[in-house]
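Peer 1: Here is my input, please return the structure:
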Amino acid sequence: WRILTTAHEAGQQKAGWGLSAWHAHGAVRNGSSSWAAVHEGDHWPMDWTIQPGKKPNTWRILTTAHEAGQQKAGWGLSAWHAHGAVRNGSSSWAAVHEGDHWPMDWTIQPGKKPNTWRILTTA
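Peer 2: The predicted structure is shown next:
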């Protein structure tokens, strides 16, 4: 799956940028995790694997291999409000992490715009 942004005027975010993860080019968090970002174009955005989560009605969002970005397949999209991922009091940076402890289950709900979806953290 390709996960793309929609336009967000207040945040000056253009539509169509793809969720990305690479373990190089300044995105290395540590040996087993990388920061996630959105990127325009077709080269850097990741194709993601989405599979059922551990909790009912949730999903795991996993990387596929990205050779140019040195990103391994199977690392799970993660969000936590600690361990260097705090952006501010009401936001956290997102990352991908190998293993089964840090990746999280996500809910995927219909978005406000037609043909869009929202990806939300779970408890």
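Peer 1: Only C-alpha atoms from now on, for both contacts and neighbour counts.
Peer 2: Fine.
Peer 1: Pick out the residue nearest the middle of the protein.
Peer 2: For the chain, the residue sitting closest to the mean C-alpha position, by Cα atoms, centre = their mean, is residue 77 at 4.8 Å.
Peer 1: Tell me what that one is bridged to.
Peer 2: residue 96 (DSSP bridges).
Peer 1: For residue 102, see how far away it is.
Peer 2: Relative to residue 102, residue 77 is positioned 9 Å away (Cα to Cα, to the nearest Å).
Peer 1: Also residue 4?
Peer 2: Taking Cα to Cα, one finds residue 4 at 23 Å from residue 102.
Peer 1: Neighbour count: these two, which is higher?
Peer 2: residue 4 (20 against 17; other Cα atoms under 10 Å).
Peer 1: ok, the more buried one touching residue 19?
Peer 2: Yes. Between residue 4 and residue 19 there is a contact at 6.2 Å, judged by Cα atoms under 8 Å.
Peer 1: Residue 44 - how many residues pack around it?
Peer 2: 19.
Peer 1: these two touch, right, residue 74 and residue 66?
Peer 2: No. Using Cα under 8 Å, residue 74 is not in contact with residue 66, being 11.1 Å away.
Peer 1: Residue 122: neighbouring residues, count only.
Peer 2: The burial count for residue 122: 12, using other Cα under 10 Å.
Peer 1: Identify the residues contacting it.
Peer 2: When contacts are counted by Cα atoms under 8 Å, 6 or more residues apart in numbering, residue 122 touches 104-107.
Peer 1: quick one: what helix or strand has residue 44 in it?
Peer 2: Residue 44 belongs to no helix or strand when elements are defined using DSSP states H and E.
Peer 1: residues contacting the residue nearest to it when sequence neighbours are not counted?
Peer 2: Counting by Cα to Cα, 6 or more residues apart in numbering, residue 20 is the residue found nearest to residue 44 once chain neighbours are left out, at 6.2 Å. By Cα under 8 Å, 6+ apart, residue 20 lies in contact with 36-39, 44-46.
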